[in-house]
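**Student:** I'd like to go over a predicted model; first the sequence, then the structure.
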Amino acid sequence: MRMNDLSLPLLASFVLAACAEDTADSGASPVVTDTTTSSTDSSMTAGPTSVTPGTTTPGTTTIPGGPTASQPGPGTPGPTGPVVGGTATTGGPDPQPSTTQSTGPDTTPSQSAAGGSPNAGGSPNAGGSPGAGGTPNAAGSPGAGGGTPNGPEPSAADAVCPYAGGGEADGQNWVKGDMLEFNDNGGWCWYQDERALVDQETGELIIASVASGGGREANVEVTHWDIAAKQGTRHHIGTMSYTDDHDVAALVKRPEGGYAAMWAGHNDDCNSYFSQYDGNSWSNSGSFAWPECPTSSGKRITYANMWYLGDTLYSYVRSIDTSPHYLFSNDGGKSWELGGRLTSTPQVGYVAGYYKYWGNNTDRIDFFGTEAHPRDNDNSLYHGYVQGGKIHNSTGEVIDDDFSDRSAIDVPQYSTVFKTGTTVNGVRLEHMWNADLVRYDDETVAAIGTGRVSGTGSDDPDKRLLYFRFDGSEWKTTYLAQAGTKLYDSEQDYTGLGALDPDNPHIIYISTAFDPRTDEGSFTGKKEIWKGVTCDDGATFDWEPITANSQMDNLRPIVPKWDAKHTALLWLRGTYTSAQSYNFKVVGLIEEEN
């Protein structure tokens, strides 16, 4: 079914829940069709540029639709008030408040004034709805009689600015909208992209996840969700040696049709695994055996991040020397060859840095990196991009003139997004980590990250969420909220994270136990999803709750790219014991602007 054939109700919100045994939410069970397509055999081996197919047979599961109702109960509306002001300097005593910090091309922080934003509630819908005769393969594109009848199409800002506000949360396990469950057992890490995509031609939402227990231990799964029918098919494309949310597949839509998926174990073996969907079924999995693996420190392969440059598909993988190298495929992901190295940062502690990626699937891949894991190093945050066979800093200066070779540059040589030791909102932040990255059509780049408050220890430090924006000349930082307690004992920097809306630079989402309107809450409270709206290019945000009064955590939101009139917000809802043990449902809201 094409997206133009969809008749979605106003704010048709679908929530995917991921805790199979969670009884806090009541409502219809999901309609899921299960398909076992292939299981990954950890013993599969292949040469550096060869392919070995998996050995298991296909199978399917159907997921019924229908909204999942939130359970009513007593609830207190959240507090209102302005966002707390902040400071942005590097080191030294705290100066007078200001919420926005700028880092220019020379990476020297400068100050720009910004105040707190007053509280406001939900945002109204705006903009024209498509009429009959829209573009066949472009969701949300108005046809004859669609859009704004007299004048240009409304911009993303027109839909949300000025921010009009809305109602408050009320009731236990409250969610703003109807919830549908995409997968009753699934989790993901945040260093694989994209974990979900919208196929506008088929009218489907494609979602990758990894199951934990429940008879599906360590299953790598892809759910195909029919948006109009509100039901899905769950495909089992691989099985790893043990459950780990780092094993989730990265997905990409192929120009010739169908999808490609790639995944890897969490430092478990030396293979990248892959499968392709041809429009009818997923192929048996193949594997690429990495050379120089394990490393001298005993590390193996982790993650996959797939983006097109021209007709060639690339996947950046943490691999040789625990640094990111890419694989490339000229046949839509059916076979892979080893390519170049992105950076050559020396390994400190566990690995040589963490990277988020964003691509336009045409001619550019952006990256947002660190030097190491934040428990091993006092990280700053850095940005660059690959284009035209070279690697550039944020302003376009060429730092590495050949992205395809094994010689690379240390990541601090690229543009500094945030320098450790900078003070924002009155707190000095250090040991930074990256959460999300998007480059918009207007060529601005935005990111979300976290940092520890200096002097709050290393066992469960006070962590804060930050927003970063590059306007073409400098990086600016805006304080968002406290992030709350760590998710489990051995990962002191794990938080609920945040997500950027790739179709609207004015909207972000975060997961936190604190009300970002006042920065008040419980350090150990349940984490909720909040929507932030900016009408001043990220200097301030107004906030509204998406979930509230929850008896479970709501973590790791993601927003796949769609169009200006549709949004799919997904997250994990349940209990997180560790990366190897969790009780999540994959949940989400789908909104259509009318």
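**Tutor:** It's in.
**Student:** need the contact list for Ile558.
**Tutor:** Trp188, Arg195, Ala196, Ala499, Leu569, Leu570, Trp571 (Cβ atoms under 8 Å, 6 or more residues apart in numbering). From N, CA and C alone the C-beta is placed, and that goes for glycine too.
**Student:** Report the residue spans of the stretch 401-550 of the chain with pLDDT below the cut-off.
**Tutor:** By pLDDT under 70, the stretch 401-550 of the chain has no low-scoring segment.
**Student:** which stretches of it form strands?
**Tutor:** For the stretch 401-550 of the chain, applying DSSP state E, counting those that start in this stretch gives strands covering 415-418, 422-424, 427-439, 445-453, 463-470, 475-482, 498-500, 507-512, 514-515, 520-521, 528-533, 542-545, 547-548.
**Student:** All the helices of this structure, in order from the start?
**Tutor:** 156-160 (DSSP state H).
**Student:** quick revisit: for the contacts of Ile558, which one is nearest Ser275?
**Tutor:** Arg195 (15.0 Å; Cβ to Cβ).
**Student:** Okay, and the beta partners of Asn393?
**Tutor:** Asn393 has these beta-bridge partners by DSSP bridges: Gly384.
**Student:** How many residues are close by it?
**Tutor:** 19 (other Cβ atoms under 10 Å).
**Student:** contacting residues around it?
**Tutor:** With contacts defined as Cβ under 8 Å, 6+ apart, Asn393 is in contact with Pro105, His383, Gly384, Ile399, Gln413, Tyr414, Ser415.
**Student:** Quick check on these: which are buried?
**Tutor:** Neighbour counting by 16 or more other Cβ atoms under 10 Å classes His383, Gly384, Ile399, Gln413, Tyr414, Ser415 among these as buried.
**Student:** got a markdown table for these, with distance to Trp307 too?
**Tutor:** Shown next, in a markdown table, are these (distance: Cβ to Cβ, whole Å):
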| residue | distance to Trp307 |
| --- | --- |
| His383 | 16 |
| Gly384 | 14 |
| Ile399 | 19 |
| Gln413 | 22 |
| Tyr414 | 18 |
| Ser415 | 20 |
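**Student:** between those, which is nearest Leu589?
**Tutor:** Each of those was scored against Leu589 by Cβ to Cβ, and His383 proved nearest at 29.5 Å.
**Student:** How much space separates the closest one from Ser319?
**Tutor:** 21 Å (Cβ to Cβ, to the nearest Å).
**Student:** for Lys565, same thing?
**Tutor:** 39 Å.
**Student:** Quick one: residues contacting the residue nearest to Ala156 when sequence neighbours are not counted.
**Tutor:** Once flanking residues are discounted, Ala156 sits nearest to Asn504: 4.1 Å by Cβ to Cβ, 6 or more residues apart in numbering. For Asn504, the contacting residues are Ala156, Ala159, Val160, Ala564, Thr567, by Cβ under 8 Å, 6+ apart.
**Student:** And for Thr343?
**Tutor:** So Thr343 contacts Ser323, Pro324, Ala352, Gly353, Gly369, Ala408, Ile409, Asp410, Val411 (Cβ under 8 Å, 6+ apart).
**Student:** what is the fifth one paired to in the beta sheet?
**Tutor:** Using DSSP bridges, the bridge partners assigned to Gly369 are Tyr355, Tyr382.
**Student:** What residues does it make contact with?
**Tutor:** Contact analysis of Gly369 by Cβ under 8 Å, 6+ apart lists 343, 345, 353-356, 381-384, 411, 414, 434.
**Student:** cool, and Phe523?
**Tutor:** Per Cβ under 8 Å, 6+ apart, neighbours of Phe523: Asp462, Gln482, Gly484, Thr485, Ala513.
**Student:** same thing but at 10 Å, please
**Tutor:** Counting by Cβ atoms under 10 Å, 6 or more residues apart in numbering, Phe523 touches Asp460, Asp462, Lys463, Gln482, Ala483, Gly484, Thr485, Ala513, Phe514.
**Student:** Can you flag the buried ones in the residues you listed?
**Tutor:** Buried members of the contacts of Phe523, scored by 16+ other Cβ under 10 Å, are Asp462, Lys463, Gln482, Ala483, Gly484, Thr485, Ala513, Phe514.
**Student:** got the residues you listed as TSV, with distance to Ile448 columns?
**Tutor:** Output for the buried ones among the contacts of Phe523, formatted as TSV (distance: Cβ to Cβ, whole Å):
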residue	distance to Ile448
Asp462	18
Lys463	13
Gln482	14
Ala483	11
Gly484	15
Thr485	19
Ala513	17
Phe514	15
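**Student:** for the residues you listed, which one is nearest Cys293?
**Tutor:** Nearest to Cys293 among these: Lys463, at 32.6 Å, using Cβ to Cβ.
**Student:** What separation do you get for the closest residue to Asp503 other than its chain neighbours and Cys189?
**Tutor:** Among residues not flanking Asp503 along the chain, Ala564 sits closest, at 5.4 Å (Cβ to Cβ, 6+ apart). Note on Ala564: its distance to Cys189, by Cβ to Cβ, is 29 Å.
**Student:** what do you get for Lys476?
**Tutor:** 28 Å.
**Student:** And for Gln413?
**Tutor:** Distance from Gln413 to Cys189, by Cβ to Cβ: 27 Å.
**Student:** and if you look at Arg406?
**Tutor:** 26 Å.
**Student:** Also Ala159?
**Tutor:** The gap separating Ala159 from Cys189 is 31 Å, by Cβ to Cβ.
**Student:** now do Asp405
**Tutor:** Counting by Cβ to Cβ - Asp405 and Cys189 are separated by 29 Å.
**Student:** who's more crowded, these two?
**Tutor:** Neighbour comparison, Asp405 and Cys189: the larger count goes to Cys189, with 18 against 11 (by other Cβ under 10 Å).
**Student:** Assess the claim that the more buried one and Tyr303 are in contact.
**Tutor:** Yes - if you go by Cβ atoms under 10 Å, Cys189 and Tyr303 touch, sitting 7.8 Å apart.
**Student:** any common contacting residues for those two?
**Tutor:** Contacts common to Cys189 and Tyr303, judged by Cβ under 10 Å, 6+ apart, are His246, Asp247, Val248, His266.
**Student:** What residues does the second one make contact with?
**Tutor:** In other words, Asp247. With Cβ under 10 Å, 6+ apart, Asp247 has these contacts: 40, 187-189, 192, 208-210, 218-220, 238-241, 263-266, 268, 273, 302-304, 579.
**Student:** ok, of those, which come out buried?
**Tutor:** Applying 16+ other Cβ under 10 Å to the contacts of Asp247, the neighbour count classes 40, 187-189, 192, 208-210, 218-220, 238-240, 263-266, 268, 273, 302-304, 579 as buried.
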